[in-house]
Structure formats: C-alpha cells, structure tokens
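Enquirer: Sharing a model prediction with you, sequence too.
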Number of protein chains: 2
Amino acid sequence: MPRRADHAARRATIVEALWRVLARHGIAEVSVRTVAAEAGMSPTAMRYYFPTRDDLLATAMTHTLERGTARVRPLLEAARDRAGVERVYLEMLPTDEAQRTEQEVYLAFAGLARTSPRLQEISEDAGVRIRRVARVAVEILQASGELDPGVPPGAAARCLDSLVQGLTFQSATWPAAFDAERIRRTLRDFLDGICVSPPDRSGPGRP
Amino acid sequence: MPRRADHAARRATIVEALWRVLARHGIAEVSVRTVAAEAGMSPTAMRYYFPTRDDLLATAMTHTLERGTARVRPLLEAARDRAGVERVYLEMLPTDEAQRTEQEVYLAFAGLARTSPRLQEISEDAGVRIRRVARVAVEILQASGELDPGVPPGAAARCLDSLVQGLTFQSATWPAAFDAERIRRTLRDFLDGICVSPPDRSGPGRP
DNA sequence: TAGTTTGTGGTACAGCCGTGCTAGGACGCG
DNA sequence: CGCGTCCTAGCACGGCTGTACCACAAACTA
C-alpha cells in the first residue's frame, strides 16, 4: 500500500459505489458495510475518508448535485430558443439509463433529507437551483419570441418546474408507464401549450 | 381484557399510529416496536393483527389509498366544470395540514414500493387511479366547453397529471417554498393555460 | 538506518431490527 | 364451576447497524 493515496480519487470511487448500491437496492440497503464492499475495501478504510455515515451521505449528495449542475449548466447557457430549452430538460429528465439512475439517487436523497439537517440544507440548495433553471428557460423562450404573449412568464416557469419534478418522480415510481418516450412527449406537450406555433418551417401554417 | 377485541378497530388504530410515526419521523423510524409504542400496545399484541412487518406496511398503504379514493371520488363524480376540477385537485394536493401528512405518507410508501412486490403492486394501482383522475378531469373540462379547443385533451391530461405529482413531491421536499398558496396558484396557472377565458364575469374581457 | 506519518485490516461493542416461542390472564360457553 | 378460545406480555435469538479501538504495513524524513 502506498503511503500517499489519492484522496479525491478514493472518495470518488466510494461515492460511485454508493450510487451503485443506491440505484440497485434502494436507500435501505445503503450501509457503511455494503458500500465498502461495493467499493472493494474494508469499512475501516472507508471510514478513513468518511468518518461518519452522515459525511458519506452528505458528500454523495453534494457530488450528485454538482455533477448534474456541471452537465446542465453549459446546455442552459448555450440555449437560445425552444430547442435549446428542450435539450436542457432532456438532460435533467430520466430519458436514458444513466439519467434514470441519477434521478433515482436524487429522489432517494430527497426522501432522506428530512433525516439530517445537513442533507436538508443540500436539498434546499438543489431546489433553488432547479427552480432557477425553469425561470431562465422561460426567459429564453421570451427572448426568442416563442413564448405565447398571452402566457404570464411566472406562471409558465412555475408550471414547467412542477411538471418536470412530477415527471422525474413518476418515472422513478412507475417506470413502466413513464418511459423515455412518454417523458419526451409530455415535455413537448407542455411546451406546445405555452409557445406560439413556429414560424412556418414547411408547408402552410394555420390560417 | 375482553375476550373478543374489535379487530377492525384495533387494526385501524395501529395503522393510524403508523401514519403518525411516519409523518413525524420519516420512514426510517417506522419499526414494529416504534409503531406498537405509538399505538400504546406491546409489539407482540400488534403482531397478532399484523403477523409480519410487510403485512403492516401493505395494509397501511392500502388504507391510505382507499381513504384518498373515498375522499376524492365523490368530488370527481360531482364535478361538472373547472371549479369542480379545482375542488378535486385541492383535495388531492397538500393544501392543509391533514393533506400534507397524508401526502408525506403517500410519498414515503412510493419510495418504499421498490422494496417489496406487494407494495409495488399497490403503488401500481395507485398510479393507475391517479392518472384516471386527470383523464376524467380533462373530459369534464371538455364537456363544459372550458377546455381550449386548440389544446389536445391527451396532452392536457398528461401535463395536468405530472404537474400535480410534481407539486405533491415539491411540497413534501421543500415545504417552505411550496406552501398551500403556491400550490393553489400553480394549479390555477395551469388551468388558466388550457382553458378558454371564462364568459365575462365582471368588467370587459379582453378585446 | 531509525523514526514518524499515512493508510488499512480485524475485532468488539452497544443498540436496534424482525420474528419465533412460551406462559398466562380474561372472557364465553357448556 | 371448568374448559377452551382469544388476546397479551415477556424473553430470546440471530443478524445487521454505526462506530471505536488497536495492531501493522508501507513510505517519506532525518
């Protein structure tokens, strides 16, 4: 064993092991021992990097949040129109297997948040960030002129936000009914409802 | 102790004790012993009515679902217009303390469902019922002529359903940000978006 | 080479978990 | 009265939990 281990790397592998256990067996199976076994080390070795279980969970939750932010932020900054907004939310919603896992982890943490003040705080932060995405998305639609002028922007942002959270929850709870196709469709349904019809791509628009 | 206890009543008090523990301390604190203590009896006495923990959870989940159905069904059958639909969903959403508790219980069960096949089955059933409510609600809006003709009914139902689930989840996760007022407002926002403007109650409508 | 730091494994402890077992009290029926 | 059924309480068991403690190997420092 080398004298100096790469702490960041070790912590990352442990967090990833926790993700795997969480996604596979649910939060109830996440214990110091199961995660350590998944990471291929002894519980004591793990405790060297995460002294308590709370540390482990808080760090894992923070990592999850930051990973999501890192993936979504560039898409959000690049978005200029409805298509860009759709790309943002397709990245946040469980539309492929990796996303599904990540959203399940997210929901498990959300459910766990009421347990510990630290997790509560992180969850609070996540909520603020997610709501901000919806507001910015609607601003983008406004700037591109695609938002229906009859729709109040605040209302659109609130609805979009709740709709997306609902889809995430439903996909985790009833995966058979809420597959990727249905998620994409529902998102499009909603955007259709708040956007004006596109400026005539092919063929005649409506009179 | 009387020779014959009222089984139904005993089971009901136990289920209610479980609800209280669940709402107060979260699912992690729900054990045979804590629920028995909350119900004021010994764990063994409780085990007479619910042989295993799984029985207890499955029964509690079924009771929760049926209680909700019993409360919502008459409202749904009585609903004839948008106001009626709003009443239905205000009864389903956590707009008062009792509803909040019930929705927290519901979410905890949803998260727990992946644990046991029985709970999975009950959750599946709940999902079907909830989706049915959204479909019927949109049919009512259609029948009353309030649904905007430009909005596809299927899309409206899907969005309404996901929106409501999202509000429920958000209210449980971020209670400070999603209070009853915000829930009512968001529901109204969405219905405004899919309904035609009402036939001029007071003052001039839009030109 | 000697010593200190850094990382790791094994073991142990108290506490909670679900559940099985056993004994006995309270009542209805004969 | 006495028997049998219904209900309740206590206890014990194996297993899992988080965490503390201790011994030890590897590598850098002097």
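Expert: Ah, there it is. Residues are numbered from 1 along each chain as shown, chains lettered A, B, ... in the order given.
Enquirer: Tell me the residue of chain A that sits nearest chain B?
Expert: When scored by CB to the nearest CB, chain A has residue A:166 as its residue closest to chain B, at 2.9 Å. Heads up, the C-betas are built off the backbone N, CA and C, glycines and all.
Enquirer: Of all the helices and strands in chain A, which has the lowest average confidence?
Expert: Within chain A, no helix or strand scores below helix A:97-112, which has a mean of 92 by mean pLDDT, DSSP states H and E.
Enquirer: For burial, what's the neighbour tally of residue A:176?
Expert: 7 (other CB atoms under 10 Å in any protein chain shown).
Enquirer: Just want to check the distance between it and DNA strand D.
Expert: 29 Å (CB to the nearest atom of the strand, to the nearest Å).
Enquirer: Surely that residue forms part of a strand?
Expert: No - Residue A:176: not assigned to a strand; according to DSSP: H, G, I helix; E, B strand; the rest coil it is coil.
Enquirer: Just to check, residue A:184 is in contact with residue A:94?
Expert: No - in this structure, residue A:184 is not within contact of residue A:94 by CB atoms under 8 Å, at 11.0 Å.
Enquirer: When the two are compared, which one has more neighbours?
Expert: residue A:94 (25 against 16).
Enquirer: Report the contact partners of that one.
Expert: Going by CB atoms under 8 Å, 6 or more residues apart in numbering or on different chains, residue A:94 touches A:100, A:102-104, A:168, A:171-172, A:180, A:183.
Enquirer: May I have the phi/psi pair for it?
Expert: Backbone torsions for residue A:94, taken as degrees, to the nearest 10, come to phi -80, psi 70.
Enquirer: Residue A:175 now?
Expert: Torsion angles, degrees, to the nearest 10, at residue A:175: phi -60, psi -30.
Enquirer: residues contacting it?
Expert: Residue A:175 touches residue A:100, counting by CB under 8 Å, 6+ apart.
Enquirer: Over to the one 4 residues further on?
Expert: The contact partners of residue A:179, taken as CB under 8 Å, 6+ apart, are residue A:171.
Enquirer: Pull the contacting residues for the residue nearest the centre of chain A.
Expert: The centroid of chain A falls nearest to residue A:92 when counting by CA atoms, centre = their mean (4.8 Å). Residues counted as contacts of residue A:92 (CB under 8 Å, 6+ apart) are A:68, A:72, A:99, A:130, A:133, A:164, A:168.
Enquirer: pLDDT at it, what is it?
Expert: Note for residue A:92: predicted pLDDT of 97.
Enquirer: what's the neighbour count on residue A:26?
Expert: Residue A:26 has 16 neighbours, counted by other CB under 10 Å.
Enquirer: Next, find the distance separating it from residue B:115.
Expert: Separation of residue A:26 from residue B:115 (CB to CB, to the nearest Å): 6 Å.
Enquirer: ok, now residue A:174?
Expert: To residue B:115, residue A:174 is 16 Å away according to CB to CB.
Enquirer: These two - which one has more neighbours?
Expert: residue A:174 (21 against 16).
Enquirer: Could you find the closest non-adjacent residue to the more buried one?
Expert: Closest residue in space to residue A:174, ignoring its immediate chain neighbours: residue B:127 at 4.4 Å, by CB to CB, 6 or more residues apart in numbering or on different chains.
Enquirer: Can you tell me how far that neighbour is from residue B:56?
Expert: Distance of residue B:127 to residue B:56, computed by CB to CB: 22 Å.
Enquirer: And the two? Which one has more around it.
Expert: Legend: neighbour count by other CB under 10 Å for residue B:127 and residue B:56, higher for residue B:56 (23 against 20).
Enquirer: Look up phi and psi at that one.
Expert: phi -60, psi -50.
Enquirer: wouldn't residue A:89 be in contact with residue A:187 here?
Expert: Yes - with contact defined as CB under 8 Å, residue A:89 counts as touching residue A:187 (5.8 Å).
Enquirer: got the buried residues for stretch A:164-175?
Expert: Judged by neighbour count (16 or more other CB atoms under 10 Å in any protein chain shown), stretch A:164-175 contains these buried residues: A:164-174.
Enquirer: May I ask which two of those are separated the most?
Expert: Maximum pairwise distance among these (CB to CB): 16.3 Å, between A:164 and A:174.
Enquirer: pLDDT score for residue A:207?
Expert: 40.
Enquirer: what does residue A:30 give?
Expert: pLDDT recorded at residue A:30 is 96.
Enquirer: Please apply the same query to residue A:115.
Expert: 84.
Enquirer: so how far is residue A:55 from it?
Expert: On the measure of CB to CB, residue A:115 and residue A:55 end up 14 Å apart.
Enquirer: what sits against residue A:122?
Expert: Contacts of residue A:122 by CB under 8 Å, 6+ apart are A:58, A:61-62, A:65, A:109, A:113.
Enquirer: host element of the residue of chain A closest to chain B?
Expert: Using DSSP states H and E, residue A:166 falls within helix A:153-173.
Enquirer: Then residue A:126?
Expert: helix A:117-143.
Enquirer: Can you report how many residues lie near the closest residue to residue A:130 other than its chain neighbours?
Expert: Among residues not flanking residue A:130 along the chain, residue A:161 sits closest, at 6.8 Å (CB to CB, 6+ apart). Applying other CB under 10 Å, we find 25 residues neighbouring residue A:161.
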